[in-house]
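In: pasting the structure only:
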C-alpha cells in the first residue's frame, strides 16, 4: 500500500494520499501575494503607457512593476503535526518567516509565530515529545541547529559552520544527529570555502559532541538513525565550492576552446533577438527536458546543479532521469561500521513506520526496503526536494 506523504515541489506543499496529489495552499502566503498585488495596482501609474509586447519597454529596461507569479513565497519545511490530521510547515518570504499548522479536515491554517528575517528549514519533531529541531539560516552564510520552544527559536550549535538537517535519535532521550561543514574566510571575513560535510551526534542534556562519520573526499548529508542504531545519510563526492587552482592543462584547454565559446556567445546573442522579434528560437535542439521544469540551474543541498547537462548525461548512459547524479547515494551504516548503498540519485528521503524508505530523485519518488530491495515507483512530479511520510493511505 502506498504511504501517505507530504512533499515539497518548487516551494509548494502537496499532500499525497490514495494515489493522488493535492496542493495545500497557505492562507498566509496567499495574503502576502494579495497585498503585493494591491501595492502593484497603486503604482501602475509609474508604468502607464508601456506595453508588455514592446521590444524595449520601460519595465524590461528598468525593472518597473512586478510579476505576481515571481513573488518569493515558499514553503521551506514540512513535518507531521500532533495528530494524523495536522501538518506543520514553515512559510518564508524575502522579509518574513513563520511557523504554521493546517488542519487537513477543515483546511484551517493557524499561525504559531512569525518573525522578520527568519528562515527555517529541516524541521524534526521529538518522538513522544514537544521539542522541534530545525536549521536556522543566518545572513552571513552560516546556519545553526536550533530548538523551537513556544515562540522562541534557540540556537544549540555555534561556530563558523554550516549545520543542517537535524534529526532525533529514536529512544535516546535528547540526542540528535546532524550534518556539519566548516567555513573558511579570508582576512576581510569573506567566505572563501566550505569544507566537506560530516555527521555529528549531540547530546542536548550533557552537551557532548561526537563525530560519527567523516571522510575528506565525501559529503554526508541529511543523517537519520533508525530504531536499530543504523545510521543513514546521503553520501556524495565532495567538491570545493570555491576552486582557485588553475592547472596548466586547463589553461591550454581554455585557449583552444576560446573560438568555440566566443561563437556560442554570439549565437545566443542573436538567438535572443530572434526570440524578441519573432518569438522563435534559432534552433530546436534543446536536449532532454522534464515537462514543466524551466530552471536550467538549481541549487540543491548546497550544490549548484546544471539540470540540462545532468539530464543529457543520464540520457546518454540510458539512465532514468534524475535531478542529481547517480553518485548521490543513500548509505546505511550499521553499529559495527559496515556500509551498504541502499539507493542511487537520492536528493531526500524519510522512513515509514514499517521500516521502508521513501526517497526522491528530484523527479521520481520511490519506496524501497532498508536493505535496498523491492524498489517501487510511487509517482513523479516537478522538482520534488522534500518527502515526509505521514502514515498509510
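Out: Sure, I can see it. Treat the numbers as computed from the prediction; the structure is a model and nothing was measured. Numbers count the residues shown, from 1 in each chain.

In: lowest average confidence, helix or strand, in the chain?
Out: For the chain, the helix or strand with the lowest mean confidence is helix 58-62, at a mean of 43 (criterion: mean pLDDT, DSSP states H and E).

In: The next helix or strand after it pairs with which strands?
Out: Counting by DSSP states H and E, the element after helix 58-62 in chain order, helix or strand, is strand 74-80. When pairs are called by DSSP bridges, strand 74-80 turns out to pair with strand 86-92 (antiparallel).

In: how distant is the strand it pairs with from the center of its chain?
Out: Computed by CA atoms, centre = their mean, to the nearest Å, the separation of strand 86-92 from the middle of its chain amounts to 15 Å.

In: again, but for stretch 187-202
Out: 19 Å.

In: relative to strand 86-92, how tilted is the host helix or strand of residue 134?
Out: Per DSSP H and E: residue 134 is located in strand 132-137. Calculated by axes from the mean of the first three to the mean of the last three CA atoms, to 10 degrees, strand 132-137 forms an angle of 10 degrees with strand 86-92.

In: Report all helices and strands that strand 132-137 contacts.
Out: Applying 3 or more CB pairs under 8 Å, 6 or more residues apart in numbering; DSSP states H and E, we find strand 132-137 packed against strand 120-125, strand 143-149, strand 152-155, strand 161-168. For the C-beta atoms, the positions are set from N, CA and C on the backbone; glycine is no exception.

In: 6 Å instead?
Out: Other helices and strands packing on strand 132-137, by 3 or more CB pairs under 6 Å, 6 or more residues apart in numbering; DSSP states H and E, are strand 120-125, strand 143-149.

In: Pairing partners for the first one, with directions?
Out: Think strand 120-125. Strand 120-125 is paired, per DSSP bridges, with strand 132-137 (antiparallel).

In: Name the residues of the strand it pairs with that come out as buried.
Out: By neighbour count on 16 or more other CB atoms under 10 Å, the buried set for strand 132-137 is 132-137.

In: starting at the chain centroid, how far to that strand?
Out: Distance, stretch centre to chain centre, for strand 132-137: 14 Å (CA atoms, centre = their mean).

In: List of residues touching that strand?
Out: By CB atoms under 6 Å, 6 or more residues apart in numbering, the list of residues contacting strand 132-137 from outside reads 119-125, 143-144, 146, 148, 164, 166.

In: Nearest to residue 325 among those residues?
Out: residue 164 (19.9 Å; CB to CB).

In: Apart from its neighbours in sequence, what residue is nearest that closest one?
Out: Spatial nearest neighbour of residue 164, chain neighbours left out: residue 135 (4.7 Å); criterion: CB to CB, 6 or more residues apart in numbering.

In: Against residue 35, how distant is the one you found?
Out: Remark: distance between residue 135 and residue 35 (CB to CB, to the nearest Å) = 28 Å.

In: With residue 204 instead?
Out: From residue 204 to residue 35 the distance is 39 Å (CB to CB).

In: Between these two, which is the more surrounded one?
Out: residue 204 (17 against 11; other CB atoms under 10 Å).
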